[in-house]
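Visitor: here is a sequence with its predicted model. Questions after.
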Amino acid sequence: MMQHYIQTKDANPDCILFYRLGDFYEMFFEDAEIVSKELELTLTGKSCGLEERAPMCGVPYHAAETYLTRLVQRGYKVAVCEQIEDPKEAKGMVKRAVTRIVTPGTNMDAMSLDESKNNYIMGIFFDGDKYGLSIADVTTADFFVTEVDSNRSCLDEINKYVPSEIICNENFTISGIDIADLKERMQISIAKLDVHYFDDRLAVAVLLEHFHTSRLSALGLEEFPMGSISAGALMKYLTEIQKSSLEQFNHVQPYLNGNFMLLDSSTRRNLELVETLREKQKRGSLLWVLDKTKTAMGARMLRSDVEQPLTNADLITNRLDAVDELLHNMMAREELREYLNPIYDLERLNTRIVYQTANPRDLLAFKNSVAMLPAIKTVLADFKSKNLVELSENIDSLSDICADIDAAICEEPPISSRDGGILKDGYNEEVDRLRKAKTEGKKWLAELEVKERERTGIKNLKIKYNKVFGYYLEVTNSYKDLVPADYQRKQTLANAERFFTPELKELEDTILGAEDKLISLEYELFRQLRNRIASEVSRIQTTAKAIARLDVYASLAYVAEKNHYCRPKINTRGLIDIKGGRHPVVEQMMDQQLFIDNDTYLDNKKQRVSIITGPNMAGKSTYMRQSALIVLMAQIGCFVPAKSANIGIVDRIFTRVGASDDLASGQSTFMVEMNEVANILRNATKDSLLILDEIGRGTSTFDGLSIAWAVVEHISNVKLIGAKTLFATHYHELTELEGKLEGVHNYCIAVKENGDDIVFLRKIVPGGADKSYGIAVAKLAGLPDEVIDRANRIVTQLCENDIVDLAKNIAVEGQTTGGKKQTKPLDDVDKAQMSFLDTVSDDAIIDELRNLDISHMTPLEAMNALNELQVKVRNRW
Ligand SMILES: Nc1ncnc2c1ncn2[C@@H]1O[C@H](COP(=O)(O)OP(=O)(O)OP(=O)(O)O)[C@@H](O)[C@H]1O
């Protein structure tokens with residue numbers, strides 16, 4: 001055995017070997033050490049004919065999947081070695097061989113995985129220029145193929161799918177990203193495969209053969225040569241490690257990035273689409289609000305919809321029509337949701353059936369789920385919208401499969417398919433006959449027990465059974481003397497003895513013979529039934545997808561009704577006009593009545609950029625995110641939290657919000673911010689929506705202000721970008737851009753002053769904010785009075801210093817541009833003002849400057865006034 005173990009391990013060096021021995025899987029040597037450490041199991045030793053005992057660790061057969069899954073989730077690969085019938089030998093001859101390899105991306109044990117998430121494995125083929133990508137979920141049989149041409153887009157795709165495993169060619173790199181880092185931080189298992197996997201002819205041949213076609217165009221892949229190679233390599237890898245064909249993959253979905261709204265990874269995170277930024281949990285995300293699905297399939301589909309909004313107006317409108325119809329047919333919708341409720345994860349059940357791991361209870365669950373389909377079809381028959389009609393057509397009631405399972409499997413079958421007791425009486429004559437023999441045998445045993453008690457006078461004589469000795473007569477020591485001579489001893493215990501008689505032996509043969517035959521016959525019939533269902537894989541899958549889609553529409557309709565959403569109009573003119581918009585998540589977190597709604601208006605012409613000012617905590621971020629989320633929700637085909645909304649389709653949403661860390665570790669917050677801004681400026685188009693929150697905050701005030709200013713100039717310029725933009729800032733100077741740059745307008749979030757305190761009105765109004773109120777907000781937050789007083793004094797000093805600096809600048813500018821010499825040192829505002837006067841020969845400006853009463857202005861007003869003068873001076877010279 002040990003020799004075979006070592007050979008098998010040598011053939012699978014990167015796997016932990018689960019070696020089946022009887023009722024246990026055993027691991028040896030370093031595998032045993034890893035398993036005992038990771039799973040906190042006892043490490044023992046086994047001699048196995050070796051001189052020294054080999055370190056050994058074991059897990060029971062029935063619990064192996066749980067242990068195996070835990071190892072795989074930690075990034076290990078596990079090879080499972082079992083006894084199988086040797087196809088080369090006569091029937092009944094067995095050998096030990098690796099039956100499957102389980103990797104993070106191919107772990108099908110749905111019990112221990114989050115069913116609302118897909119478990120993706122991704123293939124990447126990089127030729128130094130482009131990335132060919134293929135993405136598969138072994139359990140749900142989703143299979144996507146695409147190509148991207150920049151490392152950023154490749155990273156975005158990885159972030160979109162968050163695969164558990166990536167297989168790639170040797171050349172794979174993403175410049176600027178350390179692959180080891182990707183592995184570590186995103187917990188992705190990455191395997192670089194041998195070059196022959198990615199051989200273009202071989203890989204494409206694997207793909208074509210799998211789909212029984214001779215042309216890539218038949219799969220819609222003619223435009224994806226790189227993606228096809230990656231798909232072929234992935235297919236080959238999966239076939240090899242699963243040691244079986246991939247029958248469930250009967251469909252490949254190529255997609256062009258242009259079919260979906262592009263969301264880069266930071267935007268996906270910032271908008272908290274499927275999990276919150278900080279806690280990384282679903283509660284508090286957009287998905288949390290929208291997901292009222294009843295099935296795991298529906299939950300998965302909604303999640304991927306949220307991550308991939310559409311860009312095609314017709315497709316969006318069709319989805320909205322379906323949601324609309326379900327919204328307005330409340331009774332029918334709720335009836336449908338009732339029917340969806342008991343439906344199990346048909347996609348995962350289907351895969352278990354195909355992989356022959358489905359047990360009798362799985363088939364029963366399958367039957368109970370499928371039993372709902374005719375009722376669903378009946379209710380759907382009254383619906384008229386295109387997508388619902390199509391769904392109804394795609395739902396096969398699968399009544400033949402349901403009838404087959406119903407005829408065969410009993411009401412409460414065991415979990416294991418090898419324990420017997422699976423089939424209904426009357427399903428198979430031979431099963432019925434053997435069952436009778438078995439029950440009759442039990443009756444005979446009871447009769448024999450009574451007879452022997454009477455014959456021997458041993459009152460507590462019992463006929464018992466165990467796996468090692470079979471049936472035996474047990475006599476306690478107190479009756480030992482009454483044991484007749486024809487009893488043959490089988491075993492002696494401390495307080496009893498066990499015997500058998502020829503009659504008991506004969507009975508045992510009949511009963512156990514019947515039992516063994518019955519178990520293997522039941523298993524065989526169960527297997528036949530399972531294989532028959534597996535041959536219908538494609539019908540089941542189409543139905544499962546249609547049910548998932550119906551569940552998504554019904555969930556969106558339910559949420560729209562419950563949360564008072566409206567149907568968005570969709571336009572392709574680039575107009576975004578939201579009246580009374582609300583933040584879908586924030587309004588759920590508070591009493592809905594308390595959320596103050598706001599309008600958003602952006603277009604491709606006069607209203608491209610909104611500069612939004614307002615104190616901290618006023619609601620700027622909430623407002624900007626809500627606008628982005630409403631656009632995104634509309635493009636998913638979902639109703640939106642607003643009184644009315646007209647949404648011009650956007651090709652991308654970019655966000656730059658707050659401080660965030662990124663995969664590109666080792667960079668400062670400001671560096672990350674600038675990287676993201678650079679990415680936006682490079683990739684945004686006139687059809688994009690940009691949410692920029694406090695750009696430039698991470699550096700010194702004047703550098704930050706200058707960067708923010710230049711960014712707005714660049715974005716608003718139609719020749720350069722011209723994207724629709726919401727730009728929140730604490731740099732009030734930026735409000736000067738209104739009127740200077742075409743399409744730029746000021747908005748602020750209103751607050752009311754109440755003595756030293758402020759009241760947040762949360763309403764967005766045209767115009768710029770006059771003050772920043774930072775210290776007032778700090779006071780609201782409960783900072784001690786002495787700190788607040790000190791902060792007020794410091795801010796006054798700071799602002800005055802700024803004014804001195806500014807005045808100095810003006811003066812110096814005056815010297816150099818006006819030609820007059822200025823030698824006096826300048827160290828306060830008055831001096832600056834005087835010296836400035838010396839340099840200026842223009843009477844009008846001198847008068848203006850003289851009349852400036854800085855001491856009665858807020859520091860900011862003073863700065864602005866001096867700024868304006870500076871501009872005037874410059875313009876004159
Ligand atoms: N329209 C609204 N109605 C009711 N409450 C709101 C509204 N908008 C925001 N809020 C509340 O105000 C809080 C602060 O909002 P937000 O973070 O958007 O402010 P901000 O102006 O971006 O602040 P900062 O400049 O400090 O980042 C939110 O957490 C929310 O509870």
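Guide: Perfect, thanks for sending it. Residues are numbered from 1 along each chain as shown.
Visitor: nearest to the ligand: which residue in the stretch 451-600 of the chain?
Guide: Residue nearest to the ligand within the stretch 451-600 of the chain: residue 596 (3.8 Å; CB to the nearest ligand atom). No exception for glycine: its C-beta is placed from N, CA and C like everyone else's.
Visitor: that residue in helix, strand or coil?
Guide: coil (DSSP: H, G, I helix; E, B strand; the rest coil).
Visitor: can you tell me how far the residue nearest to it when sequence neighbours are not counted is from residue 732?
Guide: Spatial nearest neighbour of residue 596, chain neighbours left out: residue 762 (3.8 Å); criterion: CB to CB, 6 or more residues apart in numbering. Distance of residue 762 to residue 732, computed by CB to CB, to the nearest Å: 20 Å.
Visitor: pLDDT wise, what is the residue of the stretch 251-400 of the chain found nearest the ligand at?
Guide: Residue of the stretch 251-400 of the chain nearest the ligand, by CB to the nearest ligand atom: residue 284 (11.4 Å). Model confidence at residue 284, expressed as pLDDT, equals 94.
Visitor: that one contacts residue 589, doesn't it?
Guide: Yes - the criterion here is CB atoms under 8 Å, and residue 284 meets it with residue 589 at 7.3 Å.
Visitor: which one's more surrounded, these two?
Guide: Taking neighbours as other CB atoms under 10 Å, residue 284 and residue 589 compare with residue 284 leading, 18 against 12.
Visitor: how about the more buried one, secondary structure?
Guide: coil.
Visitor: now residue 680
Guide: Classified using three-state DSSP, residue 680 is helix.
Visitor: which residues touch the residue of the stretch 251-400 of the chain closest to the ligand?
Guide: By CB atoms under 8 Å, 6 or more residues apart in numbering, the residues touching residue 284 are 272, 276, 585, 589.
Visitor: mind running it again at 7 Å?
Guide: 272, 276, 585 (CB atoms under 7 Å, 6 or more residues apart in numbering).
Visitor: what does residue 78 give?
Guide: 15, 16, 18, 68, 71, 72, 102.
Visitor: for the ligand, see how far away it is.
Guide: 46 Å (CB to the nearest ligand atom, to the nearest Å).
Visitor: cool, and residue 740?
Guide: 24 Å.
Visitor: ok, and the most crowded of the contacts of residue 78?
Guide: residue 18 (26 neighbours).
Visitor: A strand includes that residue, no?
Guide: Yes - under three-state DSSP, residue 18 sits within a strand.
Visitor: for it, list each beta-bridge partner.
Guide: residue 80 (DSSP bridges).
Visitor: picking that back up, which of the contacts of residue 284 count as buried?
Guide: 272, 585 (16 or more other CB atoms under 10 Å).
Visitor: now render the contacts of residue 284 as a markdown table, adding pLDDT.
Guide: Compiled in a markdown table, the contacts of residue 284 are given as follows (pLDDT from 0 to 100):
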| residue | pLDDT |
| --- | --- |
| 272 | 94 |
| 276 | 90 |
| 585 | 95 |
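Visitor: what helix or strand is residue 71 on?
Guide: helix 64-73 (DSSP states H and E).
Visitor: what residues sit buried inside that helix?
Guide: 64, 65, 67, 68, 69, 71, 72.
Visitor: picking that back up, and for the residue of the stretch 451-600 of the chain closest to the ligand, the neighbour number?
Guide: When neighbours are counted by other CB under 10 Å, residue 596 comes out with 17.
Visitor: wait, it touches residue 764, no?
Guide: No - Residue 596 lies out of contact with residue 764 (CB atoms under 7 Å); the separation is 9.2 Å.
Visitor: grab the nearest non-local neighbour of residue 679.
Guide: Closest to residue 679 by CB to CB, 6+ apart is residue 152, at 6.4 Å.
Visitor: try residue 219
Guide: Here the residue nearest residue 219, using CB to CB, 6+ apart, is residue 252, at 5.3 Å.
Visitor: show the pLDDT at that neighbour.
Guide: For residue 252, the model assigns a pLDDT of 89.
Visitor: before we move on, what about residue 775?
Guide: 66.
Visitor: what's the answer for residue 106, then?
Guide: 82.
Visitor: since we're on it, how many residues are nearby?
Guide: 22.
Visitor: equivalent analysis for residue 324, please.
Guide: There are 18 residues near residue 324, going by other CB under 10 Å.
Visitor: can you tell me the helix or strand for it?
Guide: Assigned by DSSP H and E, residue 324 falls in helix 313-328.
Visitor: next one: that helix to chain centre, how far?
Guide: 25 Å (CA atoms, centre = their mean, to the nearest Å).
Visitor: list the helices and strands it packs on?
Guide: Identification of packing neighbours for helix 313-328 by 3 or more CB pairs under 7 Å, 6 or more residues apart in numbering; DSSP states H and E yields helix 386-394, helix 537-562, strand 569-571.
Visitor: got JSON lines for the ones you listed, with distance to residue 225 and mean pLDDT too?
Guide: Shown next, in JSON lines, are the helices and strands packed on helix 313-328 (distance: least, CB to CB, whole Å; pLDDT from 0 to 100):
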{"stretch": "helix 386-394", "distance to residue 225": "31", "mean pLDDT": "96"}
{"stretch": "helix 537-562", "distance to residue 225": "27", "mean pLDDT": "95"}
{"stretch": "strand 569-571", "distance to residue 225": "34", "mean pLDDT": "97"}
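Visitor: redo the ones you listed as CSV? Include mean neighbour count and distance to residue 710.
Guide: Shown next, in CSV, are those (neighbours: other CB atoms under 10 Å; distance: least, CB to CB, whole Å):
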stretch, mean neighbour count, distance to residue 710
helix 386-394, 17, 46
helix 537-562, 23, 41
strand 569-571, 16, 32
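Visitor: could those go into a markdown table alongside distance to residue 280?
Guide: Output for those, formatted as a markdown table (distance: least, CB to CB, whole Å):
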| stretch | distance to residue 280 |
| --- | --- |
| helix 386-394 | 33 |
| helix 537-562 | 23 |
| strand 569-571 | 32 |
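Visitor: around the ligand, pick out the residues from the chain.
Guide: With CB under 6 Å from any ligand atom as the criterion, the chain meets the ligand at residues 586, 594-596, 614, 616-622, 762.
Visitor: in strands, which of those fall?
Guide: residue 762 (DSSP state E).
Visitor: pipe the residues of the chain next to the ligand into CSV and attach pLDDT per row.
Guide: Formatted as CSV, the residues of the chain next to the ligand follow (pLDDT from 0 to 100):
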residue, pLDDT
586, 94
594, 86
595, 92
596, 92
614, 85
616, 79
617, 81
618, 84
619, 90
620, 91
621, 92
622, 93
762, 87
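Visitor: got the domain ranges for this structure?
Guide: 2-102, 121-255, 291-398+536-563, 429-528, 569-769, 842-876 (automatic domain parsing).
Visitor: which of those domains has the lowest mean pLDDT?
Guide: domain 842-876 (a mean of 60).
Visitor: contacts only, for residue 277.
Guide: 269, 270.
Visitor: and the residue lying closest to residue 764 once chain neighbours are set aside, how many neighbours?
Guide: Leaving aside its chain neighbours, residue 764 sits nearest to residue 598 (4.6 Å; criterion: CB to CB, 6+ apart). Neighbourhood size, residue 598 [other CB under 10 Å]: 23.
Visitor: got it, and the one 4 residues further on?
Guide: Under the neighbour criterion other CB under 10 Å, residue 602 is assigned a count of 24.
Visitor: ok, it - contacts?
Guide: 576, 608, 610, 724.
Visitor: helix/strand/coil for the third one?
Guide: Classification of residue 610 by three-state DSSP places it in strand.
Visitor: that one contacts residue 749, correct?
Guide: No - using CB under 7 Å, residue 610 is not in contact with residue 749; the gap is 11.5 Å.
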